[in-house]
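K.L.:
task: produce atomic coordinates for the following.
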Amino acid sequence: MTGTADGHGAITATPAEGTALPPLDARAAAVTPHGIGASVPSEDAPAKAAGTFPYAADLWAEGLLWATVLRAPHPHARIRSLDTAQAEAMPGVHAVVTHLDVPGEAGHGRRVADQPAFARDVVRYYGEPIAAVAADHPDTARMAAAAIDVEYEVLEPVTDPEASFGAEPLHPDGNLIRHIPLRFGDPEITGEVVVEGLYRIGRQDPAPIGAEAGLAVPRPEGGVEIYTASTDPHTDRDLAAACFGLPPEKVKIVVTGVPGAMGDREDTALQVPLGLLAMRTGRPVKIAATREESFLGHAHRHPTLLRFRHHADGEGKLLKVEAQILLDAGAYADTSSDVLAAAVSFACGPYVVPHAVIDGWAVRTNNPPAGHVRGEGAMQVCAAYEGQMDKLAAKLGLDPAELRMRNVLATGDLLPTGQTITCPAPVAELLDAVREEPLPPLPKDSPEADWLLPGGPDGAGDPGAVRRGVGYALGMVHMLGAEATDEVSTATVKVSGSVATVMCAAVETGQGFSTLARQIVQETLGVDEVHVASVDTDQPPAGAGARGRHTWVSGGAVERAAKMVRTQLLQPLAAKFGMSAELLSISDGKITSYDGVLSTTVAEALEGKELWATAQCRPHPTEPLDETGQGDAFVGLAFAAVRAVVDVDVELGSVRVVEMAVAQDVGRVLNPRQLRARIEAGVTQGIGAALTEHLRVARGVVRQPDLTGYALPTALDAPDIRIVKLIEERDVVAPFGAKAASAVPVVVSPAAVASAVRSATGRPANRLPIRPQAAVETARERPEQQAR
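P.N.:
You can find the predicted model right below:
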């Protein structure tokens with residue numbers, strides 16, 4: 001994967017006033033390497049690159065036991081009997097726990113407490129936890145788990161979400177988790193031109209590089225400490241404590257190194273069995289999931305069935321969108337209600353649509369659980385509405401990019417939820433940027449270029465069967481939580497001498513919060529050496545790390561606390577010299593007055609004292625969607641445009657992504673190098689969703705839950721990613737004016753790749769990931785698009 005530093009065009013950022021800024025790399029080199037706007041490197045980058053960074057799987061404690069979880073071999077079954085006697089009698093086994101050993105609440109869940117820690121009477125999905133074992137050695141634990149005698153009555157699984165509506169209830173709460181009937185404008189209006197489409201989105205897995213692991217240590221005074229890679233430690237603590245029957249203060253979650261997170265670490269699948277076993281044995285207990293256990297144990301992206309009908313006039317202006325969106329939530333609710341709200345709200349895309357009739361459902365099945373994965377809800381509908389825009393353009397004989405340009409949203413327009421877009425929405429400018437970017441050259445007819453063909457140099461295809469396609473997609477995501485979620489974070493900043501410390505329970509998941517916190521304090525207090533304390537639940541809560549919330553909410557809390565410390569530092573000096581504190585500035589560790597009369601260092605001004613302050617940040621409130629899907633449900637929005645260029649072997653159906661050109665609405669560039677890395681990573685994840693990533697499930701049973709059966713894109717699959725424009729039009733209600741950066745390229749990239757495959761083949765490409773048979777050309781030959 002190459003970026004702009006490889007000579008493929010500079011990244012430019014344009015502020016609201018339209019003044020062109022220097023390339024990001026030039027800006028990074030020109031400024032002092034600290035503070036907002038600089039490419040400050042991550043503090044833990046050297047250790048991660050050298051392989052010495054401690055992750056949860058590296059934890060150790062004296063006298064620890066090893067744990068494993070027994071998982072159900074059926075997607076739907078009744079548990080007739082459960083006998084642990086043989087396992088408990090094995091040498092080296094110290095404890096076996098089942099649902100009978102859960103002293104607290106029977107269920108847990110982030111939105112709905114509908115999921116048992118261990119299956120009680122009924123198994124609802126393949127891999128559901130049945131029991132957990134602690135033993136002296138991991139092999140002993142696995143053998144003991146295999147020795148647990150469970151008698152199952154196998155039941156017919158419900159694996160088709162459409163069949164779930166009429167099936168017997170799979171859960172006491174029923175099969176329907178939520179229905180949102182959105183109605184906007186006149187539902188009876190029809191357009192001169194109508195196109196319809198059916199779309200299916202597959203089950204993408206977060207597939208973390210580091211599988212789940214954790215260590216639980218019993219507390220002498222009662223309770224337990226759990227060391228794990230949590231991304232929302234306070235919620236995890238509260239859920240675990242409820243299962244343990246303990247007050248939250250008796251359970252402490254200590255966050256270890258997180259090897260990336262895209263939703264897979266937002267559950268208590270490890271915390272509950274670890275804590276129960278540690279308290280039962282009185283000894284530390286460790287678990288390290290295998291890759292198969294990782295695939296079975298965490299939530300995946302919601303598989304989605306989407307039916308769309310778009311109405312337009314003869315000029316291509318959209319009049320109405322009708323849609324039915326069906327989310328397969330798997331066995332339990334988890335965050336499905338939130339995902340559905342995003343899917344329904346963004347079903348029209350970043351386009352002006354005066355009338356909409358949209359119904360969305362999330363239902364239970366006996367498939368693996370689904371939950372939060374980056375771009376949830378928005379990614380699924382983006383693939384569908386962009387497919388519709390391509391169909392509409394073809395029917396009207398218009399250029400697909402031109403059709404999109406005639407319908408784009410702007411600030412002041414309405415979403416179909418009735419919410420007015422008050423944040424910057426430079427969608428037209430984003431689309432213009434990717435349209436104007438020069439297209440990549442065609443590969444030359446030479447043996448040296450064989451690796452550029454779909455399938456690589458050993459591919460069996462005929463170079464003459466390769467077609468090039470160009471596709472466009474626009475998309476949007478919401479930032480922070482939605483529908484009246486109370487988003488709040490607390491941070492403390494301390495400064496002593498020439499060193500500052502930040503304490504905030506915002507977990508560094510790879511999104512760059514720890515680096516941002518250092519940058520904020522460096523710029524506000526002029527202190528170069530800034531440390532970010534490790535995270536545990538003894539600190540005030542900061543919430544989950546998703547949808548850019550730590551940049552906004554936790555970064556805002558750090559900024560406010562740092563400014564309070566700055567005031568404490570400057571006010572005595574200002575009073576001493578008879579001037580206002582606003583006339584003093586801090587830079588490079590020095591405090592100076594506007595007239596140069598005062599000049600001292602921060603360390604001297606402290607006079608040996610330690611200054612500190614604690615602050616909170618809470619964005620403006622939102623409201624739930626009402627019974628017709630109306631309401632101001634979102635704090636802010638972020639947009640992107642992507643142009644994909646692909647080469648397709650239309651005989652074999654193999655696809656190679658040649659280039660992805662990205663223009664993104666970022667609000668403000670806080671760290672140029674990290675921003676580029678987040679966008680490139682998001683695009684690559686989106687390419688995986690478009691072409692290779694699909695967790696295969698047959699009648700509820702996961703097939704090949706490993707990295708052989710689940711095909712992640714590698715460096716050889718990653719194309720040239722050209723970040724052609726970053727628009728810095730600051731969101732005035734956001735701290736620093738910045739917007740979420742990681743999710744929106746994930747949302748838009750799959751739709752752009754599908755659009756490019758349609759362009760190359762004439763096929764609908766209405767299923768993600770795109771299967772080879774969907775890329776085999778059956779339309780007329782297009783010799784002018786041949787890549788050779």
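K.L.:
where does the prediction get shaky in the stretch 451-600 of the chain?
P.N.:
Counting by pLDDT under 70, the stretch 451-600 of the chain has low-confidence residues at 451-452, 456-461.
K.L.:
would you list every one of the strands in it?
P.N.:
Here the stretch 451-600 of the chain has its strands, by DSSP state E, counting those that start in this stretch, at 466-482, 489-496, 499-504, 529-532, 584-587, 590-593, 599-601.
K.L.:
for those, which one sits closest to Glu523?
P.N.:
strand 584-587 (8.9 Å; CB to CB). The C-beta positions use only the backbone N, C-alpha and C, and glycine is treated the same way.
K.L.:
any idea which residue sits dead centre in the protein?
P.N.:
Arg374 (2.2 Å; CA atoms, centre = their mean).
K.L.:
which strand or helix spans that one?
P.N.:
Arg374 is part of no helix or strand, with elements assigned from DSSP states H and E.
K.L.:
these two touch, right, it and Val746?
P.N.:
Yes: contact between Arg374 and Val746 holds when scored by CB atoms under 8 Å: they sit 5.1 Å apart.
K.L.:
anything in contact with each of those two?
P.N.:
With contacts taken as CB atoms under 8 Å, 6 or more residues apart in numbering, the residues that reach both Arg374 and Val746 are Gly682, Gln685.
K.L.:
surely Gly214 meets Leu274?
P.N.:
Yes: with contact defined as CB under 8 Å, Gly214 counts as touching Leu274 (5.3 Å).
K.L.:
shared neighbours of these two, which are they?
P.N.:
Common neighbours of Gly214 and Leu274 (CB under 8 Å, 6+ apart) are Ile226, Thr228, Lys286, Ile287.
K.L.:
next, give phi and psi for the last one.
P.N.:
The phi and psi torsions at Ile287 (degrees, to the nearest 10) take the values phi -140, psi 140.
K.L.:
residues touching it, list them.
P.N.:
By CB under 8 Å, 6+ apart, the contact list for Ile287 reads Trp66, Ala67, Thr68, Val69, Ala213, Gly214, Leu270, Pro273, Leu274.
K.L.:
helices - which of these land there?
P.N.:
Here DSSP state H is the test, and the contacts of Ile287 give Pro273, Leu274 as lying in helices.
K.L.:
Pro624 against Gln630, yeah?
P.N.:
No: contact criterion CB under 8 Å: Pro624 and Gln630 do not qualify, at 10.1 Å.
K.L.:
with adjacent residues omitted, what lies nearest to Val408?
P.N.:
The shortest distance from Val408 to any non-neighbouring residue, by CB to CB, 6 or more residues apart in numbering, is to Val427 (4.1 Å).
K.L.:
quick check: the one you found vs Ser580, distance?
P.N.:
Distance, Val427 to Ser580, using CB to CB, to the nearest Å: 43 Å.
K.L.:
do Val683 as well
P.N.:
Separation of Val683 from Ser580 (CB to CB): 48 Å.
K.L.:
the two - which one has more neighbours?
P.N.:
Each of Val683 and Ser580 has its neighbours counted (other CB atoms under 10 Å); Val683 has more, 30 against 11.
K.L.:
quick one: the host helix or strand of the more buried one to strand 466-482, angle?
P.N.:
Assessed by DSSP H and E, Val683 sits inside helix 672-691. Helix 672-691 runs at 120 degrees relative to strand 466-482, counting by axes from the mean of the first three to the mean of the last three CA atoms, to 10 degrees.
K.L.:
so what secondary structure elements neighbour the longest helix anywhere in the chain?
P.N.:
Secondary structure of the chain per DSSP H: the longest helix is helix 555-576. Here helix 555-576 touches strand 489-496, strand 499-504, helix 513-525, strand 584-587, strand 590-593, helix 602-606, strand 610-617, going by 3 or more CB pairs under 8 Å, 6 or more residues apart in numbering; DSSP states H and E.
K.L.:
and these as JSON lines, adding mean neighbour count and distance to Pro705?
P.N.:
Shown next, in JSON lines, are the helices and strands packed on helix 555-576 (neighbours: other CB atoms under 10 Å; distance: least, CB to CB, whole Å):
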{"stretch": "strand 489-496", "mean neighbour count": "24", "distance to Pro705": "35"}
{"stretch": "strand 499-504", "mean neighbour count": "22", "distance to Pro705": "36"}
{"stretch": "helix 513-525", "mean neighbour count": "25", "distance to Pro705": "31"}
{"stretch": "strand 584-587", "mean neighbour count": "16", "distance to Pro705": "54"}
{"stretch": "strand 590-593", "mean neighbour count": "17", "distance to Pro705": "57"}
{"stretch": "helix 602-606", "mean neighbour count": "17", "distance to Pro705": "54"}
{"stretch": "strand 610-617", "mean neighbour count": "17", "distance to Pro705": "40"}
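K.L.:
wait, which of the ones you listed is closest to Ile189?
P.N.:
Counting by CB to CB, Ile189 lies closest to strand 610-617 out of these; the figure is 43.0 Å.
K.L.:
give me the mean pLDDT for the closest one.
P.N.:
Strand 610-617 carries an average pLDDT of 94.
K.L.:
re the thing from before, more crowded one of Pro624 and Gln630?
P.N.:
A count of neighbours by other CB under 10 Å puts Gln630 above the other of Pro624 and Gln630, at 17 against 12.
K.L.:
quick revisit: relative to Glu322, which of the strands of the stretch 451-600 of the chain is closest?
P.N.:
The minimum distance between Glu322 and the strands of the stretch 451-600 of the chain falls on strand 466-482, with 19.8 Å, by CB to CB.
K.L.:
dump that closest one to PDB, restricted to CA.
P.N.:
Coordinates of each C-alpha in strand 466-482 appear next as PDB, following Å, rounded to 0.1, in the frame of the first residue of the first chain:
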ATOM      1  CA  VAL A 466      -9.200  -8.100 -18.400                       C
ATOM      2  CA  ARG A 467     -11.500  -5.100 -18.300                       C
ATOM      3  CA  ARG A 468     -10.900  -1.900 -16.400                       C
ATOM      4  CA  GLY A 469     -13.700  -0.200 -14.400                       C
ATOM      5  CA  VAL A 470     -14.100   3.100 -12.600                       C
ATOM      6  CA  GLY A 471     -16.600   3.600  -9.900                       C
ATOM      7  CA  TYR A 472     -17.700   6.300  -7.500                       C
ATOM      8  CA  ALA A 473     -19.300   6.300  -4.100                       C
ATOM      9  CA  LEU A 474     -20.300   8.800  -1.500                       C
ATOM     10  CA  GLY A 475     -21.100   8.100   2.100                       C
ATOM     11  CA  MET A 476     -21.500   9.300   5.600                       C
ATOM     12  CA  VAL A 477     -21.300   8.300   9.300                       C
ATOM     13  CA  HIS A 478     -22.400   9.700  12.500                       C
ATOM     14  CA  MET A 479     -20.100  10.700  15.300                       C
ATOM     15  CA  LEU A 480     -20.500   9.700  18.900                       C
ATOM     16  CA  GLY A 481     -23.500   7.800  20.200                       C
ATOM     17  CA  ALA A 482     -27.000   8.500  19.000                       C
END
